[in-house]
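# After the sequence you'll find the predicted model.
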Amino acid sequence: MRRDSIIHFSRHWRGRPDNLENKTFVRAANSKRETSAVGVDALRIWHPFTSAGAGAELPRIVRGEGAWLFTDDGRRILDAISSWWVNLHGHAHPRIANAIAEQARQLEHVLLAGFVHEPVERLAEELRRVVPPALKHVFFSDDGSTAVEVALKMAVQFWRNIGRPEKNEIVALERGYHGDTAGAMSVSDDSTFTAAFTRMRFPVHRVHSAYCYRCPVGLKRELCHIECADSLEKLLMERGDKIAAVIVEPLLQGAGGMIVHPAEFLQRVRKLTESQNVLLIADEVLTGFGRCGAMFASELAAVSPDVMCVSKGITGGFLALGATLVTERIFKAFGGDDPAHTFWHGHSYTGNPIACAAAVANLEIFRTEPVFERIARIARIHAERLPEFSRNAVVGDVRTIGTMAAIELRAGDAGYLSAMRPRLYEYFLKRDILLRPLGNVIYILPPYCIEAEDLHRVYGVIEEAIGAVA
Ligand SMILES: Cc1ncc(COP(=O)(O)O)c(C=O)c1O
């Protein structure tokens, strides 16, 4: 915000002298260090997933390149979690940066209701080439949460449109996470994140996930027959005629603790939903675009969902964009003359041309650079390094899929709020590595371009951290 506009804003607020914002803006306007981060940042910017006002001395990032972030005071920080799982090919990748600049000069935005434009057409075509073939139609939104909201609303309205309005209940998995908006939060499992919002969340059926380390039905993977899916089977047998959809994070539950499922679990979920005439929503917001070793996790299990949500990596980590893909059968139910059958949903920036251009450039990189070789190299390093951790007495479990590796530490206070989390985070950041453990679960999820020696260094620092902190 420019200095004169800050002063103007503070005048506007003069009638409320005790207002915190007023004080903040006046102080900022008087400050000679308006562009400096330290202190000013903590007063003005409310950071996500952060206690309000905490962290007055945050690293101030001025530049990114490859897997590295550069601060204004000369530090270089290795981004080992792809900036919340979004970055794929490296920060400031020139191909995506150029596509954005070019598109911004041509057409920055036009509403997508009643209009179309080349970037959105190209993206729809590019997506069609990589998603499961049955997913023929795409609805664009803003991010992962909105892609999920769209999927849930579509699932419920689909049944209503085809004359089955009683099929309106949703099933979700234990330890699932699907975003922070009200619907996405409803299907996410109960947690610290959702505790304040009980009344805002619509009720869902919650069934077991395939968390083999803490098996919900007390079995060992070597001997089991995916009995964890029995709770879903029972529910669908009893109430399938009331259920619209089952939503899952396919093969990898992210925020719930980087839990890797056997492919057989997803396969069984697909079989059950198919046989009981219930839609399957695959939330590939995290797992999409190569994260798990194939373009989509569903592909690894040879499963084709009815609805798929994507976001995060879709633009290579440059811009927010969500997409919900559906089958012909679902799309068709929303057409015709009856206005009650229309999907009355949209966001101001739906199909934004700049975000679409970034996504097209991202998918071109998949075609023109050896992206899957890079992914395979990361997976090999994970496979090579993780066994040494499983021999450590404080490590309860190690798990990996594609570019993700997780080390779950034994903890009396296991969970997101484990006391280990801030200590580990600080330990890593002091050593110029960005890792944000999910409580007692340390995980690595790097951009695909990370150098092998940098990834090995991350493992070295994790080993030291476990010795020092755990
Ligand atoms: C599986 C999954 N779904 C949805 C979301 C929400 O995405 P966003 O943060 O872009 O709203 C996330 C975010 O981490 C996610 O991991």
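Ah, there it is.

# dump the residue contacts of the residue in the chain that the ligand sits nearest to.
Using C-beta to the nearest ligand atom, the closest approach of the chain to the ligand is made by G144 at 2.1 Å. Just so you know, the C-beta spots here come from the backbone N, C-alpha and C atoms, and that holds for glycine as well. Contacts for G144 (C-beta atoms under 8 Å, 6 or more residues apart in numbering) come out as 178-179, 184, 283, 285-286, 309, 311-312, 322.

# change it to 10 Å
Contact analysis of G144 by C-beta atoms under 10 Å, 6 or more residues apart in numbering lists 85-86, 177-181, 184, 283-286, 288, 309-312, 314, 320-322.

# What about the residues you listed, which are in strands?
Mapping these onto strands (DSSP state E) picks out 283, 309-310, 322.

# Can you select the buried ones from the contacts of G144 in PyMOL?
Applying 16 or more other C-beta atoms under 10 Å to the contacts of G144, the buried members can be selected in PyMOL as follows:
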select buried, resi 85+86+177+178+179+180+184+283+284+285+286+288+309+310+311+312+314+320+321+322
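
# out of the contacts of G144, who's near the ligand?
Residues of the contacts of G144 in contact with the ligand (C-beta under 6 Å from any ligand atom): 177-179, 283, 285-286, 311.

# Using CSV, please lay out these together with distance to A113 and pLDDT.
Output for the ones next to the ligand among the contacts of G144, formatted as CSV (distance: C-beta to C-beta, whole Å; pLDDT from 0 to 100):
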residue, distance to A113, pLDDT
Y177, 31, 98
H178, 26, 98
G179, 24, 98
D283, 26, 99
V285, 24, 99
L286, 29, 98
S311, 21, 98
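
# and those, which two are the farthest apart?
The distance between the two most remote of those (C-beta to C-beta) is 13.2 Å, for Y177 and S311.

# what residues are shared contacts of those two?
Common neighbours of Y177 and S311, using C-beta under 10 Å, 6+ apart, are 144, 283, 285-286.

# how about the residues of the stretch 251-400 of the chain that lie near the ligand?
254-255, 283, 285-286, 311.

# one more time with 8 Å, if that's ok
Contact residues, the stretch 251-400 of the chain versus the ligand (C-beta under 8 Å from any ligand atom): 253-255, 283-287, 309, 311-312, 320, 322.

# so who does S231 touch?
Per C-beta under 10 Å, 6+ apart, neighbours of S231: 171, 173-174, 205-209, 216-217.

# Now do the SS call for it.
Assigned state for S231: helix (three-state reduction, DSSP: H, G, I helix; E, B strand; the rest coil).

# got a pLDDT number for it?
Confidence at S231, expressed as pLDDT, is 98.

# In a strand, V171, correct?
Yes - read with three-state DSSP, V171 is one of the residues of a strand.

# who's in contact with it?
Counting by C-beta under 10 Å, 6+ apart, V171 makes contact with 187, 204-207, 231-232, 235-236, 239-240, 243-248, 269, 273, 278, 280-281.

# repeat for L78
The contact partners of L78, taken as C-beta under 10 Å, 6+ apart, are 66-69, 428, 431-435, 446-447, 450-451, 454-455, 457-458, 461.

# Take those residues and keep only those in helices.
Under the assignment DSSP state H, the contacts of L78 contribute 428, 454-455, 457-458, 461 to helices.

# Please list which of these also come close to the ligand.
For the ligand, no contacts are drawn from the ones in helices among the contacts of L78 by C-beta under 8 Å from any ligand atom.

# pLDDT and neighbour count for those residues - can I get that in JSON lines?
Below are the ones in helices among the contacts of L78 laid out as JSON lines (pLDDT from 0 to 100; neighbours: other C-beta atoms under 10 Å):
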{"residue": "F428", "pLDDT": "98", "neighbour count": "25"}
{"residue": "D454", "pLDDT": "98", "neighbour count": "16"}
{"residue": "L455", "pLDDT": "98", "neighbour count": "22"}
{"residue": "R457", "pLDDT": "98", "neighbour count": "16"}
{"residue": "V458", "pLDDT": "98", "neighbour count": "24"}
{"residue": "V461", "pLDDT": "98", "neighbour count": "19"}
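
# can you list the residues you listed in a markdown table and add distance to T50?
As requested, the ones in helices among the contacts of L78 are exported to a markdown table (distance: C-beta to C-beta, whole Å):
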| residue | distance to T50 |
| --- | --- |
| F428 | 17 |
| D454 | 27 |
| L455 | 27 |
| R457 | 27 |
| V458 | 23 |
| V461 | 23 |
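
# What segments of the stretch 351-470 of the chain are strands?
395-401, 404-409, 433-434, 441-444 (DSSP state E, counting those that start in this stretch).

# Kindly reformat the ones you listed as CSV containing mean pLDDT and mean neighbour count.
Below are the strands of the stretch 351-470 of the chain laid out as CSV (pLDDT from 0 to 100; neighbours: other C-beta under 10 Å):
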stretch, mean pLDDT, mean neighbour count
strand 395-401, 98, 20
strand 404-409, 98, 26
strand 433-434, 98, 20
strand 441-444, 98, 26
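
# Isn't A52 up against W46?
Yes - the pair A52 / W46 is scored as a contact, 6.1 Å apart, by C-beta atoms under 10 Å.

# residues from the stretch 51-200 of the chain in reach of the ligand?
Counting by C-beta under 8 Å from any ligand atom, the positions of the stretch 51-200 of the chain adjacent to the ligand are 84-85, 143-148, 176-181, 184.
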